[in-house]
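> Compute the structure for the input listed below.
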Amino acid sequence: MKLLATSDLHLGYDENRRALGELPAHPDDWLILAGDTGEALAHLELALDELVPRFARVIWTPGNHDLWAPATRPGYPRGEALYDALVARCRSRGVLTPEDPFVEWPGPGPRRVIAPVFTLYDYSFRPDDVPAEEAVSWARASGVLCADERYLASDPYPSRQAWCAERVRVSEARLTVISADARVVLVNHFPLHPSHADLRLIPRFSIWCGTRQTEDWHTRFRVEVVVHGHLHRRSRRWLDGVRFEEVSLGYPRQWRQDRGLEGHLTEVVSEGAKSESG
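Coordinates of the predicted model:
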């Protein structure tokens, strides 16, 4: 029995949909799906329809692409309403979400609780000398602008920062009450720590990568391993004795298609857990 993870399936791409369809069954294993299945509710539905029959249990948290609501989709839910619709799709298929009770891992080893959360970002992954109100302009000056600025609505919150603050508050309240004798597998789409948003080719994209409000969570909440995506750079890192697994598949050019999705799953919990790097 293994706890496996992936994220950033981006099922708008033919190659990624094909890889999903060719994934072998894992009837004894659990799967973490850490956001960005695609850019529409239909992409999440496709992912769940393919993955739920293949795994004993699926655990999901949203990514920023999942929350896109282009103006070209009249009547499509936006902001929190879209998040609620995504959660409803998951629950209809028995998939655990950040709105459900945290679940205990039934596999071998010490007691572990799997805790999916949804935090968003607040532009605080920026240098201290860049004011918050200038963060997007600072990033744009380097030729970088995240499509979220057009497509990710924050309704009914006045800003993404305000929505992020609420999501942090909700998540902290739930993490605080996890039993003190349990280790935590913490799942989020976005990196928890600013030092992990080190995108060498587009460094100023960091402002769309998380919030400094989570940078001590890995020590505050007895975390054994953090699972996240978003960066499209599969890696294993260590910080303060805590393992951080970035589990993205990514766009077709970013993964080895001869290995399929199966060859890019990250083993989160088991003896000799393996992770992709680079």
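
> how close does the residue nearest to L51 when sequence neighbours are not counted sit to A47?
Nearest non-adjacent residue to L51, counting by C-beta to C-beta, 6 or more residues apart in numbering: V58, 5.5 Å away. To be clear about C-beta, it is placed using only N, CA and C from the backbone, and glycine gets the same treatment. As judged by C-beta to C-beta, to the nearest Å, V58 and A47 stand 9 Å apart.

> Neighbour count: those two, which is higher?
Between V58 and A47, counted using other C-beta atoms under 10 Å, the more crowded position is A47 (25 against 20).

> Now do the same contact list for that one.
9, 11, 20, 33, 37-38 (C-beta atoms under 8 Å, 6 or more residues apart in numbering).

> close enough to count as contact, T37 and W68?
No - taking C-beta atoms under 8 Å as the definition, T37 is not a contact partner of W68, at 11.6 Å.

> Same drill for those two, tell me which one is more crowded.
Applying other C-beta under 10 Å to T37 and W68 shows that T37 carries more neighbours, namely 31 against 21.

> Please confirm that that one is located within a strand.
No - per DSSP: H, G, I helix; E, B strand; the rest coil, T37 lies outside any strand segment and is coil.

> So for the longest helix belonging to the chain, mean pLDDT?
Using DSSP state H, we find that the single longest helix of the chain is helix 160-176. Helix 160-176 carries an average pLDDT of 98.

> How about residues contacting the helix or strand following that helix?
As assigned by DSSP states H and E, the chain's next helix or strand after helix 160-176 is strand 183-187. The contact list for strand 183-187, computed with C-beta under 8 Å, 6+ apart, reads 3, 5, 32, 34, 59, 61, 105, 110-117, 175, 178, 192, 217-218, 221-228, 268-269.

> same check, this time on stretch 163-177
Stretch 163-177 has contacts (C-beta under 8 Å, 6+ apart) with 79-80, 98, 102, 115, 117-122, 154, 157, 184, 186, 211, 213-214, 217, 220-221.

> Among those, name the ones in strands.
If you go by DSSP state E, the contacts of stretch 163-177 have 115, 184, 186 in strands.

> need the helices for the stretch 151-278 of the chain, in chain order.
Assigned helices in the stretch 151-278 of the chain, in chain order: 160-176, 217-220 (criterion: DSSP state H, counting those that start in this stretch).

> Any buried residues in the first one, and which?
If I follow you right, that is helix 160-176. Within helix 160-176, the residues that count as buried by 16 or more other C-beta atoms under 10 Å are 160-161, 163-165, 167-168, 171-172, 175.
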